[in-house]
Every structure is written in structure tokens, then in C-alpha cells.
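Q: Sequence first, predicted coordinates after that:
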Amino acid sequence: MRLIKRLVRPTRVPKVAFRAGEVLRLKSGGRPMTASWSGPVLFAPGNWLICQWISDAGELQQEMFPEETLERASHALAA
């Protein structure tokens with residue numbers, strides 16, 4: 001039996017700029033947030049992050065953001 005080699009190109013996973021546990025902020029401003037999950041999603045291209053923060057009212061907030069809208073928060077305490 002003859003083996004035929006196939007050239008299979010591995011699918012490229014976009015490089016993740018941020019990881020869970022990092023303290024981030026929206027580039028447009030806002031409170032420091034802690035990333036709780038980072039990675040691709042089925043409904044949109046690119047990497048997304050689930051971030052959590054404490055609101056001014058003291059409530060835990062959570063939202064999903066595209067990676068390109070975030071930056072590292074400098075000198076901030078995580079929520």
C-alpha cells in the first residue's frame with residue numbers, strides 16, 4: 001500500500017494581545033477592567049475579551065469587547 005502525503009496548512013489562530021487576569025481599559029476611556037476570558041468567537045472575526053469591573057454603584061459588571069478596542073491600564077487596581 002502506498003502512502004500519499006498531503007500538504008495540510010495549519011489554520012492560524014490570531015495572536016492574542018491580552019490574557020485573562022490582565023487589567024485593561026477601553027481606548028475611549030472608562031474604568032479599569034479585569035479580563036476574565038480571551039479568545040476567538042464564532043459570531044465575529046478576531047479575538048474578544050470578557051471583562052469585569054465594579055460600577056460606581058458597587059455592582060459587578062461584565063461585558064465582551066473586541067480586542068482592538070482595549071489597552072492595558074497602567075497603575076490601576078483590578079476589580
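A: Cool, got the structure.
Q: C-alpha from now on. contacts and neighbour counts both.
A: OK.
Q: so the residue nearest the centre of the chain, which of the three states?
A: Taking Cα atoms, centre = their mean, the centroid of the chain lies closest to residue 49, which sits 2.7 Å from it. Of the three states, residue 49 takes strand under DSSP: H, G, I helix; E, B strand; the rest coil.
Q: which one is it nearest to, not counting chain neighbours?
A: Nearest non-adjacent residue to residue 49, counting by Cα to Cα, 6 or more residues apart in numbering: residue 38, 4.5 Å away.
Q: picking up where we left off before, any idea of the pLDDT on the residue nearest to the centre of the chain?
A: pLDDT for residue 49: 97.
Q: And for residue 45?
A: pLDDT recorded at residue 45 is 93.
Q: ok, it - how many residues close by?
A: Neighbour count for residue 45, taken as other Cα atoms under 10 Å: 10.
Q: what do you get for residue 52?
A: Around residue 52 there are 21 other residues, counting by other Cα under 10 Å.
Q: Please apply the same query to residue 50.
A: Counted with other Cα under 10 Å, residues neighbouring residue 50 total 18.
Q: List the residues that contact it.
A: The neighbours of residue 50, taking Cα atoms under 8 Å, 6 or more residues apart in numbering as the test, are 35-38, 62-65.
Q: Excluding chain neighbours, what is closest to it?
A: Distance criterion Cα to Cα, 6+ apart; nearest residue to residue 50, sequence neighbours excluded, is residue 64 at 4.3 Å.
Q: ditto for residue 26
A: Leaving aside its sequence neighbours, residue 26 sits nearest to residue 70 (Cα to Cα, 6+ apart; 4.5 Å).
Q: That neighbour reaches residue 25, doesn't it?
A: Yes: between residue 70 and residue 25 there is a contact at 5.7 Å, judged by Cα atoms under 8 Å.
Q: so the residue nearest to the centre of the chain bridges to which residues?
A: Taking DSSP bridges as the rule, residue 49 bridges to residue 38, residue 65.
Q: Distance check, it against residue 56.
A: Per Cα to Cα, to the nearest Å, residue 49 is found 22 Å from residue 56.
Q: So for residue 15, what's the pLDDT?
A: We have a pLDDT of 75 for residue 15.
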